[in-house]
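[1] Please find the sequence and the predicted model below.
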Amino acid sequence: MKKSDVFPSKYLKCEDLAGKPVTVQITSAPLEQLKSPDGKEQNKIVLYFLGAKKTLPLNVSNFDSVADICGEDTDTWPGRTIVLYPAKTQMAGKTVDCVRIRAPQQPETGRPATPVAPAPVVAAAEADAADEMSDEIPF
C-alpha cells in the first residue's frame, strides 16, 4: 500500500494529477481556516472543482495565477475554467513537487484563452449528478 492509500487527503496533491495537466471548472472559492503543518491556524482561499472530490488550498503563487486568469475578486471565480499541472518548486532548500495553475489553451493558437464572463454556477443537485457522470478528473 502507498502512504496516500493509508492516509488519504482531502486536498489535491501533485501525485493526484498523474503527471498530466487537468482542466477543471471552479465551483466555489471560499476563505477557510486551515492548520499549517506546524499547527498554526491560517486563512486560505480553497478552490472546489466540478466533478472533483479533492480541493486545492491556494498559496500566494497559485492565488496570483488564478487572479491573473479569473480576476482579483474571488466571488467571480466560480464557473471559470483553469488548468492544474504538476511542477517543481524550492521549499526549505529542497526541490519538491507542487501543483501550479495556468489558463486553458485555445485549440487553434496554443495561446491562453481570452477571459470570458463566468458561467452560471450549477445547482447542488445538478453538481451531484455531474459528479457521478464525470470520470475525467482523476482526484
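    Happy to help now that I have it. Residues are numbered from 1 along each chain as shown.

[2] Let me see the ranges of the strands in the protein.
    22-28, 31-35, 41-49, 56-57, 81-91, 94-102 (DSSP state E).

[3] ok, the shortest one: who's next to it in the sheet?
    Taking DSSP bridges as the criterion, strand 56-57 sits next to strand 41-49 (antiparallel) in its sheet.

[4] ditto for the fifth one
    The sheet places strand 81-91 alongside strand 22-28 (antiparallel), strand 94-102 (antiparallel), with pairing taken from DSSP bridges.

[5] Need these in CSV (columns: mean pLDDT and distance to Ser9).
    The way it works is simple: take the backbone N, C-alpha and C, and place the C-beta from them, glycine included. Output for these, formatted as CSV (pLDDT from 0 to 100; distance: least, C-beta to C-beta, whole Å):
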stretch, mean pLDDT, distance to Ser9
strand 22-28, 97, 17
strand 94-102, 96, 12
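
[6] Reformat those strands into CSV and put distance to Pro37 and mean neighbour count next to each item.
    As requested, the strands paired with strand 81-91 are exported to CSV (distance: least, C-beta to C-beta, whole Å; neighbours: other C-beta atoms under 10 Å):
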stretch, distance to Pro37, mean neighbour count
strand 22-28, 25, 20
strand 94-102, 13, 15
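
[7] who wins for proximity to Val60 among these?
    Val60 sits nearest to strand 94-102 of all the strands paired with strand 81-91, at 12.1 Å, using C-beta to C-beta.
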